[in-house]
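Q: this is a predicted model, with the sequence first.
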Amino acid sequence: MELLLLDSASAKDDSAPSDLVDEYSERIAELESTVGQDAWFVTHHPLWGIGESGGEVFMINDTLQASTGNTLVEGINLVLTGHIHFFEILDFDGERPPQLIVGNSGTELDSPVTEPLDGMEIGGGMVREEGQPFGIRVCADGAERERVENVSS
């Protein structure tokens, strides 16, 4: 297994400045050029993430989404990140690798997402909420699929 490490400290959650998009696009392309059959993409900022603050739901990371075009090369089988201070699983139904956000240590946890997410767009996919909470399933092009939504602890 390969670990592809990206320093994403400068990535902006809520904007995609062209200089940063260019810089991260170049760095990500360099990493992707080395990918074999089994790699994990590891970075601080999530490529895709859903959080809530003051009753408002937010999606991140604009810089990294623009830099990747919301796609990663074949061979990257998992995206492992932090930054948001709770645990979150994003499953893209095979359209791209799943992402784990493991931000549940080191400081006070963020509040869980309590607002409904069904139908919200993130990273070119549509959130589908059904059944018991367990992560977030993001379906390509809004396709109806079975759910695994909203981990908050």
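A: Arrived safely, thanks for sending.

Q: ranges for the strands of the protein?
A: Per DSSP state E, the chain carries strands over the ranges 2-6, 39-43, 49-53, 56-60, 76-81, 87-91, 99-102, 121-122, 125-128, 136-140.

Q: Glu52 pairs with what?
A: Val57 (DSSP bridges).

Q: and Ile122, by the same measure?
A: Gly125.

Q: isn't it right next to Pro46, touching?
A: No. The pair Ile122 / Pro46 is not scored as a contact, 10.3 Å apart, by CB atoms under 8 Å. Just so you know, the C-beta spots here come from the backbone N, C-alpha and C atoms, and that holds for glycine as well.

Q: who has more neighbours out of the two?
A: Pro46 (29 against 20; other CB atoms under 10 Å).

Q: for the more buried one, grab phi and psi.
A: Main-chain torsions, Pro46, degrees, to the nearest 10: phi -70, psi 150.

Q: that one touches Ile101, doesn't it?
A: Yes. Applying CB under 8 Å, one finds Pro46 in contact with Ile101, separated by 5.1 Å.

Q: sorry, back to before: Throw the strands of the chain into CSV and include mean pLDDT, thanks.
A: Below are those laid out as CSV (pLDDT from 0 to 100):
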stretch, mean pLDDT
strand 2-6, 94
strand 39-43, 95
strand 49-53, 81
strand 56-60, 82
strand 76-81, 94
strand 87-91, 80
strand 99-102, 86
strand 121-122, 72
strand 125-128, 70
strand 136-140, 57
